[in-house]
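Enquirer: Take this sequence and fold it.
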Amino acid sequence: MTKTKSGRKRAPPGRIRRSKDDELRGEHGDGGPDEAAAFIAETAAELVRLARGHRLDMLGHLLRMAELEAEEYLRLRGKRKLS
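Expert: From the prediction side, this is the model:
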């Protein structure tokens with residue numbers, strides 16, 4: 001790897017760096033909205049448990065709202081969670 005003027009490392013020519021979005025699409029299929037909503041619902045549920053386990057009540061509440069919103073999206077689309 002070469003360095004830029006600011007001292008940051010640069011990927012060698014011909015090598016393409018993938019973004020976090022690309023990584024998520026690769027790990028979870030085509031990245032369509034139904035699949036994204038299912039992934040968000042599942043991940044939010046895990047984060048709700050973590051937040052509540054540490055008595056982070058407001059954060060748990062907000063994450064639960066995100067989980068419910070993702071589940072509602074799937075319900076209205078006639079899909080269920082992809083777990």
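Enquirer: What is the one helix or strand Ala36 maps to packed up against?
Expert: Assigned by DSSP states H and E, Ala36 belongs to helix 33-53. Helices and strands touching helix 33-53, by 3 or more C-beta pairs under 8 Å, 6 or more residues apart in numbering; DSSP states H and E, are helix 57-76. Any C-beta I mention is one placed from the backbone N, CA and C, and that applies to glycine too.
Enquirer: relative to helix 33-53, how tilted is the helix it packs on?
Expert: 150 degrees (axes from the mean of the first three to the mean of the last three C-alpha atoms, to 10 degrees).
Enquirer: Now tell me what touches stretch 57-73 from outside.
Expert: Here stretch 57-73 makes contact (C-beta atoms under 8 Å, 6 or more residues apart in numbering) with Pro33, Ala37, Ala38, Ile40, Ala41, Ala44, Ala45, Leu47, Val48, Ala51, Arg52, Lys81.
Enquirer: Pretty sure Gly78 sits in a strand.
Expert: No - looking at Gly78 with DSSP: H, G, I helix; E, B strand; the rest coil, it is coil, so not inside a strand.
Enquirer: Angles on the backbone of it, please.
Expert: Taking degrees, to the nearest 10, you get phi 80, psi 20 for the backbone angles of Gly78.
Enquirer: now this structure, which segments are flagged as low pLDDT?
Expert: Counting by pLDDT under 70, the chain shows low-confidence ranges at 1-29, 80-83.
Enquirer: ok, now with 90
Expert: Within the chain, the ranges that satisfy pLDDT under 90 run 1-31, 78-83.
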